[in-house]
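Undergrad: Following is a predicted model, sequence given first.
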Amino acid sequence: MCGIVGYIGKIEAAPLLIEGLRRLEYRGYDSAGLTTIAADGSLHTRKRAGKLNALVESIDGNMPLGTVGIAHTRWATHGAPTTPNAHPHHDGRDEIAVVHNGIIENAGALRLKLRELGHVFRSETDTEVLAHLIDEMYADSLEQAVAAALAQVEGTYGIAVVSSRDPEKVVAARLGSPLLLGIGDDGQYFVASDAAAVVAYTRNVVYLDDGEVAVLTRDGYQTLDLKGQPLIKEVSEVSWDLDKIERGGHAHYMLKEIIEQPHSVEDTMRGRLLEEEGTARLGGLRNCLPPEEVDRFNHIIFTACGTSWHAALIGEYMLEEFVRIPVETEYASEFRYRNPVLDDRSLVIAISQSGETADTLAALREGKRHGARGVSIVNVVGSTIARESDCGVYLHAGPEIGVASTKAFTSQVVALALLGLYLGRGNMSVLQGREIVEALRKLPMQIKEIIDRSDEIRELAELYHEHPNFLYLGRGYNFPVALEGALKLKEISYIHAEGYPAAEMKHGPIALIDENMPVVVIAPRDSVYTKVLSNIEEVKARGGRVIAITTEGNGELSGLADHIIKVPRTREMLQPVLTVVPLQLLAYHIAVLRGCNVDQPRNLAKSVTVE
């Protein structure tokens, strides 16, 4: 995996492909490459380990010619991040080139079979196996060969293929890894793993589903199933502008997205709050999950990964409090292998920023296989999880480019609060609902108040950016915030950090605390504040350095915490939307001070489409 771009049209492909790859750099990658088809039908491939600039420098102004081409940024799965392992990969005769996201699980067996047939391999990758297999299957056309090869493949793929034997085509296919077509003007067609790569040229896209093949020529495009039967696909329109994926003068995408949170949270709520009734309108749920039918479910399961899993934990507290149905939060990567107890009275809610997270998609499918109702909370319109769920809620947070999620997290928490209002209306009074609605409306301005104090948090980062370990503590609604704060620091600064329920500190982590251990404690004035206060005392008694996140007007921590960051007061269920913002800023400033690549942390990818 990571990023795919393909083009067929009337202009030179290489500069366009490189620009498309630049739009996908945010996804995280370790090598880059491209192949074009020259006028004489020959393939011209350039690839390099490292960042895209290394590829551009290696070309040194001598762009490969041709108006047909494919390109890729790779996040290593099979084989180290080296130039030979970079995509595109060729067959043995250099007549077929393939770029591929996903994992071919039976690549080893296929490689042995192909070697027996005389094929010689030049890389360690599963993708090269696919190129040789297409060569072996070639008979009538490129699309026929691709379909025949894929019939032997086990695993996941999003691929784009070109060949000197059929030079006026780009063939694409997907199974478990996102892929879309861009429908341009004047005979220009694109294939990409993300709309960001093509939105500069067209907003009209066709999302491929699993088991589908697309054939692009200058005269148009055709979509087929793997048996070659034509399919009719809907053309969708990308709703956001190119400026949404530009930095807009900010030093990093992550900083831009932290600063955007007043707007992204407001956009998540826009048109959904019903102040008079004290509830929320979620049109995407009305037909398959009306609030009056929620009592038919005997339990609710959230499934997610990473930051989305932390948001799900907060949602678990919210729904149990307001809907009064048992709720579990499961790692998607474990859920599908557990033989979970599910039936038609189960509600499975999948949360994913990209809507393409492989484990979360598999967990959703597992739930539906057992008869559960499948609901999604995603940010990317038209994503696979959104399409495969029975119904869902879009965040409308806008594109998130930074690999470390920030604005998607706060929008997820707000969307979960809206879900709690929507489903829990029968268990709360109108007055209580109105109070929650009012608190939600205040969040954008309260977030801005915290962001305006970024310099204060930067000063704190200067004191602690060289410390090798951090501990984050929280209780209740703010325990998941402790997990999220630790994750942000790990992701972008490479400092070891752990999040714990504050009371669990004395069951092990307290052994780590001394004068060199910064301990970040999320301690707003809430129902468990006095308990957290005792936990801070335990840290201080052992010489720990305490950074406390608390609410405005709370003077009790003066003299106890070494540093205090104050956030506005709100309802307890919404406090995580505010307490997480200074932790995002702290992680960001520490990473910058350490000279880390904030937007593209090492070894990470934005959308994890492999298990």
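TA: Yes, it's here.
Undergrad: Can I get the host helix or strand of Gly108 as CSV, trimmed to CA atoms?
TA: Following DSSP states H and E, one finds Gly108 within helix 107-116. What follows is helix 107-116 as a C-alpha-only set of coordinates in CSV (Å, rounded to 0.1, in the frame of the first residue of the first chain):
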residue,chain,number,x,y,z
ALA,A,107,2.3,-14.7,-3.2
GLY,A,108,4.8,-17.3,-2.0
ALA,A,109,2.9,-20.2,-3.6
LEU,A,110,2.4,-18.2,-6.8
ARG,A,111,6.1,-17.3,-6.9
LEU,A,112,7.1,-20.9,-6.7
LYS,A,113,4.7,-21.9,-9.5
LEU,A,114,5.9,-19.1,-11.7
ARG,A,115,9.5,-19.9,-11.1
GLU,A,116,8.8,-23.4,-12.3
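Undergrad: Distance from the chain centre to that helix, please.
TA: 33 Å (CA atoms, centre = their mean, to the nearest Å).
Undergrad: Okay, angle between the helix or strand just after it and helix 107-116 too, please.
TA: Using DSSP H and E, the helix or strand that follows helix 107-116 in sequence is helix 126-137. If you take axes from the mean of the first three to the mean of the last three CA atoms, to 10 degrees, helix 126-137 sits at 40 degrees to helix 107-116.
Undergrad: Helix 126-137 packs against which elements?
TA: Using 3 or more CB pairs under 8 Å, 6 or more residues apart in numbering; DSSP states H and E as the contact test, the elements touching helix 126-137 are strand 89-90, strand 96-101, helix 107-116, helix 142-150, strand 157-163. Any C-beta I mention is one placed from the backbone N, CA and C, and that applies to glycine too.
Undergrad: Contacts made by it with the rest, please.
TA: 77-78, 87, 89-93, 95-100, 103-104, 107, 110-111, 114, 117, 119, 121-122, 142, 144-146, 148-149, 152-153, 155, 157, 159, 161, 163 (CB atoms under 8 Å, 6 or more residues apart in numbering).
Undergrad: for stretch 448-458, same thing?
TA: Taking CB under 8 Å, 6+ apart as the rule, stretch 448-458 contacts 258-259, 261-262, 565, 567-568, 578, 581-582, 585-586, 589.
Undergrad: now do the same end-to-end measure for it.
TA: 16 Å (CA to CA, to the nearest Å).
Undergrad: Helix or strand next in line after the lengthiest helix in the chain, which one?
TA: As assigned by DSSP state H, the longest helix anywhere in the chain is helix 430-451. Proceeding C-terminally, helix 430-451 gives way to helix 454-464 as the next helix or strand, assigned by DSSP H and E.
Undergrad: Please pull up the helix or strand immediately following that next one.
TA: Counting by DSSP H and E, what follows helix 454-464 is strand 469-474.
Undergrad: How many residues are close by Tyr529?
TA: Applying other CB atoms under 10 Å, we find 17 residues neighbouring Tyr529.
Undergrad: What separation do you get for it and Leu583?
TA: 18 Å (CB to CB, to the nearest Å).
Undergrad: who are the neighbours of the helix holding Gly108, in terms of helices and strands?
TA: helix 126-137.
Undergrad: What's the mean pLDDT across the helix it packs on?
TA: On average, the pLDDT along helix 126-137 is 93.
Undergrad: from now on call the first residue 423
TA: Sure, I'll start numbering at 423, so the last one becomes helix 548-559.
Undergrad: just the angle between it and strand 518-523, please?
TA: Using the same axes, to 10 degrees: helix 548-559 against strand 518-523 is 140 degrees.
Undergrad: Between the two ends of stretch 813-821, what distance do you get?
TA: Stretch 813-821: ends 21 Å apart by CA to CA.
Undergrad: returning to what we had before: and the helix holding Gly530, what's buried?
TA: 529, 532-533, 535-536 (16 or more other CB atoms under 10 Å).
Undergrad: Where is pLDDT lowest across these?
TA: Comparing the buried residues of helix 529-538 by pLDDT, Ala529 comes last, at 89.
Undergrad: Grab the nearest non-local neighbour of that one.
TA: Distance criterion CB to CB, 6 or more residues apart in numbering; nearest residue to Ala529, sequence neighbours excluded, is Asp548 at 3.6 Å.
Undergrad: could you check the distance from that neighbour over to Tyr579?
TA: 9 Å.
Undergrad: what sits in contact with each of those two?
TA: Counting by CB under 8 Å, 6+ apart, the residues touching both Asp548 and Tyr579 are 522, 526.
Undergrad: What's opposite Ile430 in the beta bridge?
TA: Val490, Tyr611 (DSSP bridges).
Undergrad: need the contact list for it.
TA: Per CB under 8 Å, 6+ apart, neighbours of Ile430: 489-490, 590-592, 610-611, 638-640.
Undergrad: run the last query once more with 6 Å
TA: Listed by CB atoms under 6 Å, 6 or more residues apart in numbering, the contact set of Ile430 reads 490, 592, 611, 638.
Undergrad: Could you work out the most separated pair of those?
TA: Val490 and Tyr611 (10.1 Å; CB to CB).
Undergrad: Send over stretch 887-894 as CSV, restricted to the C-alpha atoms.
TA: Output of stretch 887-894 as CSV, limited to C-alpha atoms (Å, rounded to 0.1, in the frame of the first residue of the first chain):
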residue,chain,number,x,y,z
HIS,A,887,10.8,17.9,24.6
GLU,A,888,14.0,16.0,25.6
HIS,A,889,12.4,13.7,28.1
PRO,A,890,12.3,10.1,26.8
ASN,A,891,9.1,9.0,28.6
PHE,A,892,5.7,10.4,29.5
LEU,A,893,2.7,9.1,31.4
TYR,A,894,-0.9,10.3,30.7
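Undergrad: Could you check that stretch and say which residues are buried?
TA: 887, 892-894.
Undergrad: any idea which of the buried residues of helix 529-538 is closest to Leu465?
TA: Using CB to CB, the buried residues of helix 529-538 come closest to Leu465 at Leu536, 19.7 Å.
Undergrad: List the contacts of the closest one.
TA: Applying CB under 6 Å, 6+ apart, the residues near Leu536 are His554.
Undergrad: any idea how far Trp497 is from it?
TA: 25 Å.
Undergrad: re earlier: can you add distance to Val941 and pLDDT and give the buried residues of stretch 887-894 back as a markdown table?
TA: Converted to a markdown table, the buried residues of stretch 887-894 look like this (distance: CB to CB, whole Å; pLDDT from 0 to 100):
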| residue | distance to Val941 | pLDDT |
| --- | --- | --- |
| His887 | 16 | 94 |
| Phe892 | 8 | 94 |
| Leu893 | 5 | 93 |
| Tyr894 | 8 | 96 |
